[in-house]
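>>> Sequence below, structure please.
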Amino acid sequence: MTIGRFGLRRRQYDFPPFRPPSEANSLLLRVTRGCPWNRCTFCSMYKGIKFERRPIDEILEDISMAKELYRDQVRTVFIGDSNSLVLKAEEWAIILKALYDSFPHIERVTSYARAKTIAKKPKEDLQKIFEAGLNRLHVGLETGDRDLLKEIDKGATPEEMIEAGKKAKEAGFEYSLYVLLGIGGEDRWEQHARGTADVLNQIDPHFIRVRTFIPQPHSELYDAMEEGRFIPASPETILKETRLLLEKLQVTSYFLSDHISNLVPLHGKLPETKEEMIRLIDEVLKELQRDDHLREELEARRHLTNL
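So this is what the prediction gives:
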């Protein structure tokens, strides 16, 4: 259960509307609202929310409210919304000091961030923010393929993705990158897998977290699917794409399939568990050829519209 779900709901506490699955037990702290980019064609998360930076006084009030209820329980904190790294290093220092002063047992503080923002941020500022206590960044790579990055309007090139990852790691952050399996649709799975592996190999992030792309209402790619302009990848294609991605990876990352959308539970440290994960994919591909019930189950995941 997310800390604060009940106790803080009864107060004027401003919750971030989204957080990674890995932050399910974290205290949620909102320091910005919405997404400053908000153009990605696959995303419906912050549509209708105007981007703004919350006043520092409001943030400190939320920390004080949470402290009254949960002081000794908080071990991890997730900071939202989508790209709170836009705040200045000095603002981060104030917020993080208040967090660590209020919750003596904090072990980790994490935040979403955009690669473009990290790439533009001075290295000295990134180091100051890390030293103040922000430990991990969750960043959407989605794909490493140049053409697909442009088509989904991600707002960053492969080179900027690589620069951001290297800068964040050099500053000390744990780096968690998200990959959207199937973002190339039925036809471009191979270029998506190869391009993504190339970028990941140059960054070598601490975590690679895969999500199976399911077009969501209120996104441009959902409309494209409804109009027949985007053909979602079949379960076989998703599995072949994942297999090729794993095959091409030369990293020391944790590979995590920690989301309800994914077809196969793949979890392990690379390169040690690579062959084991590939074998599992091969087994499922074979089973799909003879088990109609499995095929129906995997196909049904296309209709998940509330992730």
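>>> packing partners for the least confident helix or strand in the chain by mean pLDDT?
Least confident helix or strand of the chain, by mean pLDDT, DSSP states H and E, is helix 292-300 with a mean of 78. Secondary-structure packing of helix 292-300 (3 or more C-beta pairs under 8 Å, 6 or more residues apart in numbering; DSSP states H and E): helix 235-248, helix 274-290. Quick note: C-beta positions are derived from backbone N, CA and C, even for glycine.
>>> First residue to last residue on stretch 65-78, what's the distance there?
Counting by C-alpha to C-alpha, to the nearest Å, you get 16 Å between the two ends of stretch 65-78.
>>> gap between that stretch and the chain center?
23 Å (C-alpha atoms, centre = their mean, to the nearest Å).
>>> Can you point out the buried residues in it?
Residues of stretch 65-78 classed as buried: 65-67, 69-70, 74, 76-78 (neighbour count, 16 or more other C-beta atoms under 10 Å).
>>> Over to stretch 18-31?
Residues 18-20, 22-23, 26-31 are the ones in stretch 18-31 that count as buried (16+ other C-beta under 10 Å).
>>> among the helices and strands packed on helix 292-300, which gets the worst mean confidence?
Sorting the helices and strands packed on helix 292-300 by mean pLDDT places helix 274-290 lowest, at a mean of 93.
>>> can you pull the buried residues of it?
For helix 274-290, the neighbour count (16+ other C-beta under 10 Å) marks 274, 277-278, 280-281, 284, 288 as buried.
>>> pretty sure residue 70 is touching residue 25, no?
No: Residue 70 is beyond contact range of residue 25, at 11.4 Å (criterion: C-beta atoms under 8 Å).
>>> dump the residue contacts of the nearest residue to residue 211 once chain neighbours are set aside.
Once flanking residues are discounted, residue 211 sits nearest to residue 259: 5.0 Å by C-beta to C-beta, 6 or more residues apart in numbering. Residue 259 is in contact with 21, 209-212, 307, counting by C-beta atoms under 8 Å, 6 or more residues apart in numbering.
>>> cool, and residue 298?
Residue 298 makes contacts with 235, 263, 288, as judged by C-beta under 8 Å, 6+ apart.
>>> go again using 7 Å as the cut-off
The neighbourhood of residue 298, defined by C-beta atoms under 7 Å, 6 or more residues apart in numbering, consists of 235, 263.
>>> Please tell me how far it sits from residue 240.
Using C-beta to C-beta, to the nearest Å, residue 298 is found at 13 Å from residue 240.
>>> any chance of the helices and strands packed on helix 292-300 in TSV, plus distance to residue 47?
Formatted as TSV, the helices and strands packed on helix 292-300 follow (distance: least, C-beta to C-beta, whole Å):
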stretch	distance to residue 47
helix 235-248	25
helix 274-290	34
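>>> how about those, which one is nearest residue 56?
Residue 56 lies closest to helix 235-248 among these, at 41.5 Å (C-beta to C-beta).
>>> Which is the succeeding secondary structure element to the closest one?
Scanning forward in sequence from helix 235-248 by DSSP states H and E, the next helix or strand is strand 254-256.
>>> For that next one, name the packing helices and strands.
Here strand 254-256 touches strand 207-212, strand 267-269, going by 3 or more C-beta pairs under 7 Å, 6 or more residues apart in numbering; DSSP states H and E.
>>> try it again with 10 Å
In this structure, strand 254-256 makes packing contacts with strand 174-181, strand 207-212, helix 235-248, strand 267-269, judged by 3 or more C-beta pairs under 10 Å, 6 or more residues apart in numbering; DSSP states H and E.
>>> closest one to residue 198 among the ones you listed?
Closest approach to residue 198 among the helices and strands packed on strand 254-256 (C-beta to C-beta): helix 235-248, 7.7 Å.
>>> returning to what we had before: of the buried residues of stretch 18-31, which belong to strands?
Among the buried residues of stretch 18-31, the residues falling in strands (DSSP state E) are 27-30.
>>> With that, I have no additional questions.
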